[in-house]
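Asks: Sharing a model prediction with you, sequence too.
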Amino acid sequence: MRRIVIVGQSGAGKTRLSLLLAQRLHFPVLHADKLFWRPGWVDPEDEDYRSRIHALTEQDSWIFDGIPGRVFDIILPRADTVIWLQQPPFKSMVRGYWRMLRYWGRTRPGMADGCPERLNLQLWRYAARFESIQRPRIEEWIKTYAPSATVLTLQGDEGVVRFLDRDFTQPTASLSSE
């Protein structure tokens with residue numbers, strides 16, 4: 001487990017898990033939102049963004065926190081482990097909106113500088129449709145671009161706690177899906 005991608009819907013706990021894993025494994029965290037957005041919530045130029053992601057994922061070890069979106073074809077072939085965080089959709093939506101309120105007008109951890117939290121009604125729609133739209137897309141990306149990666153599914157907060165209680169000095173083969 002040297003190159004890890006953590007996926008799940010908004011509010012599932014991807015950033016929290018990535019930071020806790022980084023403490024245990026001493027790997028750098030690549031926050032998708034921090035790498036993607038430019039100040040003022042501006043989309044990056046594709047070539048610049050892809051080039052930065054390409055360079056960062058050439059490292060020996062890393063944790064990618066977030067949906068790989070426009071760079072799935074760069075990140076997933078380099079990943080040896082994909083961690084799916086599965087939370088009940090309503091719980092994720094509530095967490096996403098709680099995070100928005102908590103950091104209202106400020107830039108939250110894991111987000112690009114100059115991108116303060118704001119009202120985002122699209123978050124609710126995105127979270128509500130994650131299982132029907134995003135999940136199949138991500139599953140296809142993994143199947144196509146990371147067929148040999150270990151895929152771990154962590155169910156709810158309990159699955160995350162059990163996963164973090166493991167001995168991370170053991171080889172990846174000892175890890176199994178929750």
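Replies: Sure thing, it's come through. Numbers count the residues shown, from 1 in each chain.
Asks: Give me the pLDDT value at R38.
Replies: Looking at R38, its pLDDT is 93.
Asks: For it, list the residues it contacts.
Replies: Contact analysis of R38 by CB atoms under 8 Å, 6 or more residues apart in numbering lists 44, 112, 114. Every residue, glycine included, has its C-beta placed from N, CA and C.
Asks: By neighbours, which of the residues you listed wins?
Replies: In terms of neighbour count, A112 stands highest of the contacts of R38 at 18 neighbours, by other CB atoms under 10 Å.
Asks: so what's that residue closest to, chain neighbours aside?
Replies: Residue nearest to A112 in three dimensions, not counting chain neighbours: W37, with 4.0 Å by CB to CB, 6 or more residues apart in numbering.
Asks: Hmm, that neighbour is touching R108, no?
Replies: No - counting by CB atoms under 8 Å, W37 does not reach R108; the two are 11.7 Å apart.
Asks: Spatially central, which residue of the protein would that be?
Replies: Residue closest to the average C-alpha location in the chain (CA atoms, centre = their mean): G66, at 2.2 Å.
Asks: Give me the distance between that residue and P89.
Replies: To P89, G66 is 18 Å away according to CB to CB, to the nearest Å.
Asks: so where is the protein shaky, pLDDT-wise?
Replies: For the chain, the stretches with pLDDT under 70 are 123, 170-178.
Asks: Which helix in the chain has the most residues?
Replies: helix 89-102 (DSSP state H).
Asks: Buried ones in that helix, by neighbour count?
Replies: 89, 91-93, 95-97, 99-100 (16 or more other CB atoms under 10 Å).
Asks: quick one, what contacts the closest residue to A146 other than its chain neighbours?
Replies: Excluding its sequence neighbours, the residue lying closest to A146 (CB to CB, 6+ apart) is L76, at 4.1 Å. With contact set as CB under 8 Å, 6+ apart, L76 has these partners: 5, 68, 82, 141-142, 145-146, 149.
Asks: Of those residues, which belong to strands?
Replies: Judged by DSSP state E, the subset of these located in strands is 5, 82.
Asks: all helices for this protein, in order.
Replies: 14-25, 32-36, 46-56, 72-75, 89-102, 121-128, 135-145, 156-164.
Asks: Columns distance to W62 on top of these, output as a markdown table?
Replies: As requested, the helices of the chain are exported to a markdown table (distance: least, CB to CB, whole Å):
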| stretch | distance to W62 |
| --- | --- |
| helix 14-25 | 9 |
| helix 32-36 | 11 |
| helix 46-56 | 7 |
| helix 72-75 | 9 |
| helix 89-102 | 23 |
| helix 121-128 | 25 |
| helix 135-145 | 16 |
| helix 156-164 | 18 |
